[in-house]
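# build me a model:
(one chain, ligands or ions: 2)
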Amino acid sequence: MSFNKNLRTRFYDAYDVSYVMQFISKLATMAEPERRDLPGFLGEGTHFQSFELDSMSLPLAINVAKTSFARRGESALSRWKEAVKVAQSLESASLVPPMDVINAFGLTVLVMPKGKVVSKSGAKVVDALLQDTAKALGQAGLVLDDYPQIREAEGIPFIIDWSDLGFLNR
Ligand SMILES: Nc1ncnc2c1ncn2[C@@H]1O[C@H](COP(=O)(O)OP(=O)(O)O)[C@@H](O)[C@H]1O
Ligand SMILES: [Mg+2]
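Ligands and ions are numbered 1, 2, ... in the order given. Alright, predicted model coming up:
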């Protein structure tokens, strides 16, 4: 499915790295609890805190790894980053959004489109897309070892939570 191509184009057209870097530099000066009071705070899980950055034509989610995730150690972190890169390159993995992994100011950050709740029409295709995606990830030697959290941007559903992506045989 070529669904994701549109989102990819929109993402890279909108993506202003220096603006994102500026935001990350600000986050880096704040403690995790303090960051929850920022106006763009979207939510958090065990591994990431997520913030909306919306001055661009496509609103972005800036997902910052919490110290607990970073504490996995350098080699685990670099394997995870490598796995994200492989996932991103898979044309047939419909639910993989365009993403960027940034290491800056001591933080590990995943940037992707900000998603909204999946629409009715999106929900109808999600099951089939989940199967495509799991298959494509598996063929590339990857597994997302978590219940997939799905949101939608520009009418395109995608998985937002990539913290538990890894290689099957490592
Ligand atoms: N792309 C996104 N669009 C909208 N909200 C997001 C996005 N990414 C993350 N979030 C919000 O941040 C929360 C935590 O992100 P998530 O990746 O699930 O972290 P964790 O791996 O710690 O569970 C999500 O449950 C969601 O509320
Ligand atoms: Mg997670």
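# tell me how many other residues crowd the residue in the chain positioned nearest to ligand 2.
Of all residues in the chain, Ser163 sits closest to ligand 2, at 3.3 Å by C-beta to the ion. The way it works is simple: take the backbone N, C-alpha and C, and place the C-beta from them, glycine included. Look at Ser163: counted by other C-beta atoms under 10 Å, it has 19 neighbours.
# got the phi and psi for it?
Ser163 has phi and psi values of phi -60, psi -30 when expressed as degrees, to the nearest 10.
# report the backbone C-alpha coordinates of the least confident helix or strand in the chain by mean pLDDT in CSV.
One helix or strand of the chain scores below all others by mean pLDDT, DSSP states H and E: helix 3-14, with a mean of 84. Presented in CSV, the C-alpha positions along helix 3-14 are these (Å, rounded to 0.1, in the frame of the first residue of the first chain):
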residue,chain,number,x,y,z
PHE,A,3,-0.6,5.1,2.0
ASN,A,4,2.4,5.9,3.8
LYS,A,5,4.2,7.7,1.0
ASN,A,6,1.9,10.7,1.3
LEU,A,7,2.6,11.0,5.0
ARG,A,8,6.3,10.6,4.4
THR,A,9,6.2,13.5,1.9
ARG,A,10,4.2,15.6,4.2
PHE,A,11,6.5,14.8,7.1
TYR,A,12,9.7,15.7,5.3
ASP,A,13,8.2,18.9,3.7
ALA,A,14,7.2,20.0,7.2
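# quick one: is it near ligand 1?
No: Helix 3-14 lies apart from ligand 1 when judged by C-beta under 6 Å from any ligand atom; the minimum separation is 11.1 Å.
# tell me what that helix is packed against?
The contact analysis (3 or more C-beta pairs under 8 Å, 6 or more residues apart in numbering; DSSP states H and E) places helix 3-14 against strand 107-113, strand 156-159.
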